[in-house]
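Chemist: Test case, fold it:
(chains A and B)
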Amino acid sequence: MSTDIHNQQDDVVDRAAAALRDMAVPPGPPEDLVLMTVAVLEQQARRSVAPASAAPIAPRHPTVLRLPRSLLRLAVAAMFVLAVGGALLWTAQRGGVAFADVLRNVRAVQYVRFVMVAEAHLPDARTQTTRAQVILSDSGVMRQDQIGAGGEPTVSIVNLREKQALTLLPNRKQAVQVTMKDLPPGNEQVNILDQLRGVDEKNARAVGRMQVDGRYAQGFEVARRETTMTLWADEQTRLPVRIELRARGGMTMDLAITMSDFDWSPKVDPALLTLTPPPDYEVVSTTMDMSEPTERDLIEALRQCAQMNEGRFPTGFGLQTVYELGLKVAGRSVVRIAEGDLKFQTEIMQKMLPIVRGFMFVNETNGEDYHYAGDGVQLGEPGRIIFWYRPRGSASLRVIDASLNVAELPAAQQPLAANAVRIKPAGRQ
Amino acid sequence: MTDWEGIVRQYGALVWQTAYRLLGDRADVADCFQETFVSALDVARREAVLNWAGLLRRLATARALDLLRKRMREGGRRDSTPDWEEFRSAAAGPGEHAQAAELGERLQAALGRLPQQQAEVFCLRHINGLSYEEISDQTGMTVDAVGVTLHRARGRLRELLDEPCGAARVQR
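Modeler: Predicted coordinates for the structure are as follows:
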């Protein structure tokens, strides 16, 4: 009954099958894909064995190779030693929680103190865990005290309403003051307290009850795009006792944040929330452009990527690229980042921010049909197209060549470029 | 606990090649690659896996066919610019490269229009080179059923490939 596939080469089906069978497949999988896949599998495997009551809320299938829509915020979060990350990611989603009683109680709070554990899954499959004591105020200020990777105590104070941030290294008596320039309206809410105050309760669903620290709590879940929040509210006080955030920042750059040990009426010295550094500190001041990225940022990002990569455009266009270039820029001094050298971190972030901004431009709000074809192309190489996309609502493609000139083509006329890879853009802002 | 890194490293090339032959698009292949291993994780939760290569080849084929069907539902539009170099056959000349590429591309589109089981059996047999017995082991079908399904798949594919050029072809 078996058919000998080699005796029927005259048959169109066999010739077609032979064409696919004999096709030269490029070497693969790429190492970054292997690492990301392993990270996803290990994470999913861990979730499968976690106790039911503590099981994190995860999407059924991972989103793959998707650019992080909150990359800029992630970058800022990284500079603040990851501690701000969870709240910023949540800010990006602008989600809502249901239960009116809990919201009413939260809205009446002046300060809240809690413990936050942030687990970030890095592109190289490592996991970085950060534990911080957090204070939030009803005036939109967030303070985080934590121990950095090198055992260095670090304090971060962020006030997006004032567009200011301050990071302190008490042992080194160093401070970094950051002014956030052109922060778009609507991004002033940075912390979970602000978020809970502004939520639409219609979007939440009850997920049952469980015991948290010996008290019964009711669970509510709100999922929005890549982020899921599960909030457990004490049935007696009707205030949160545990909040879990699961954020897929794109690719496998996941953040899992757990907030617990809440104190909803702490005594807080307002001096703890000041944005003025102590007088005996060495202060580094810097400005960050927080405006909405434009095509010009994309072009600048492509240029910087090539310049950091010995004059050639990098292999890919995604989080992994940012990560690898960041390591390249940091070079052997990467240990200084791990040790919490704030000045050095700030320098690196300033170098990387233009790239991050360019990558941020690639989202569904700005356009579609994003393609990258720059793998190995020399900066300035004539006649090579390295990137194109179709601006939202436009009938034309914007095509960028290796000299970073931009031309327009009719949308039906897709460029022919070797090694072109479609980029899945980040979601709508 | 399963050594996922070991499995991905040992069988990654197999999954990559299986997916690439059917999809020919790096972004889709990367999606398929991850989805294949996540599907394998689901299987491994339910039962002990004795033949990882067979399981992963079948899952990669099934996930790639899912993506092909999705392409067809979305109007047959291919999302990335085809790279003709990637269709180069080891022995053929330039003209044959183009012909083979076109034929292969038409087969990809036609597979996206075939019922799942027929497409899967066809790929396992004619793209991956499995015997009827191996396909039977992998899919749980009887050997006779494999033969019948394959016969039907070939008949339908012949019709689709004989359609005027473009009808079964991935649109650009």
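
Chemist: number of nearby residues for B:Gln118?
Modeler: Residues lying near B:Gln118 (other CB atoms under 10 Å in any protein chain shown) number 21. In short, each C-beta sits where N, CA and C put it, glycine included.

Chemist: sorry, that was for A:Val268
Modeler: For A:Val268, the count of nearby residues is 18 (other CB under 10 Å).

Chemist: quick one: it and A:Tyr216, what's the gap?
Modeler: Distance from A:Val268 to A:Tyr216, counting by CB to CB, to the nearest Å: 28 Å.

Chemist: Same check on A:Thr130?
Modeler: 30 Å.

Chemist: Could you check which of those two has the larger neighbour count?
Modeler: A count of neighbours by other CB under 10 Å puts A:Thr130 above the other of A:Thr130 and A:Tyr216, at 22 against 14.

Chemist: Test my guess that that one contacts A:Gln144.
Modeler: No - A:Thr130 is beyond contact range of A:Gln144, at 9.1 Å (criterion: CB atoms under 8 Å).

Chemist: tell me which residues in whichever strand or helix holds A:Arg143 are buried?
Modeler: Using DSSP states H and E, A:Arg143 maps to strand A:141-147. Neighbour counts over strand A:141-147 (16 or more other CB atoms under 10 Å in any protein chain shown) mark A:Val141, A:Met142, A:Arg143, A:Gln144, A:Asp145, A:Gln146 as buried.

Chemist: Out of those, which comes closest to A:Arg113?
Modeler: The closest of the buried residues of strand A:141-147 to A:Arg113 turns out to be A:Arg143 (CB to CB; 9.4 Å).

Chemist: In contact with that closest one, which residues?
Modeler: Counting by CB atoms under 8 Å, 6 or more residues apart in numbering or on different chains, A:Arg143 makes contact with A:Val134, A:Ile135, A:Val155, A:Ser156, A:Ile157, A:Leu272, A:Leu273.

Chemist: Chain B versus that one, what's the distance?
Modeler: According to CB to the nearest CB, to the nearest Å, A:Arg143 stands 39 Å off from chain B.

Chemist: need the contact list for A:Val399.
Modeler: Counting by CB under 8 Å, 6+ apart, A:Val399 has contacts A:Ile385, A:Phe387, A:Trp388, A:Val406, A:Ala407, A:Glu408, A:Leu409, A:Pro415.

Chemist: Ranking helices and strands of chain B by mean pLDDT, which lands last?
Modeler: helix B:94-111 (a mean of 79; mean pLDDT, DSSP states H and E).

Chemist: Tell me the helix or strand right after that one.
Modeler: The helix or strand immediately downstream of helix B:94-111 is helix B:116-122, counting by DSSP H and E.

Chemist: Give the buried residues for that following helix.
Modeler: In helix B:116-122, counting by 16+ other CB under 10 Å, buried: B:Gln117, B:Gln118, B:Ala119, B:Glu120, B:Val121, B:Phe122.

Chemist: Would you map the helices across the stretch 201-350 of chain A?
Modeler: A:295-308, A:319-330, A:334-338, A:342-361 (DSSP state H, counting those that start in this stretch).

Chemist: which stretch in these is the model least sure about?
Modeler: Among the helices of the stretch 201-350 of chain A, helix A:334-338 carries the lowest mean pLDDT, a mean of 46.

Chemist: A:Ala233 versus A:Gly208, what's the distance?
Modeler: Distance, A:Gly208 to A:Ala233, by CB to CB: 12 Å.

Chemist: For chain B, which segments count as helices?
Modeler: B:4-23, B:26-46, B:52-73, B:94-111, B:116-122, B:132-139, B:143-162 (DSSP state H).

Chemist: Nearest approach to A:Val106 belongs to which of those helices?
Modeler: The nearest among the helices of chain B, by CB to CB, is helix B:26-46 at 36.7 Å.

Chemist: The closest one close to chain A?
Modeler: Yes - using CB under 8 Å from any CB of the partner chain, we find that helix B:26-46 touches chain A at B:Arg26, B:Ala27, B:Val29, B:Ala30, B:Asp31, B:Phe33, B:Gln34, B:Glu35, B:Phe37, B:Val38, B:Leu41, B:Arg45.
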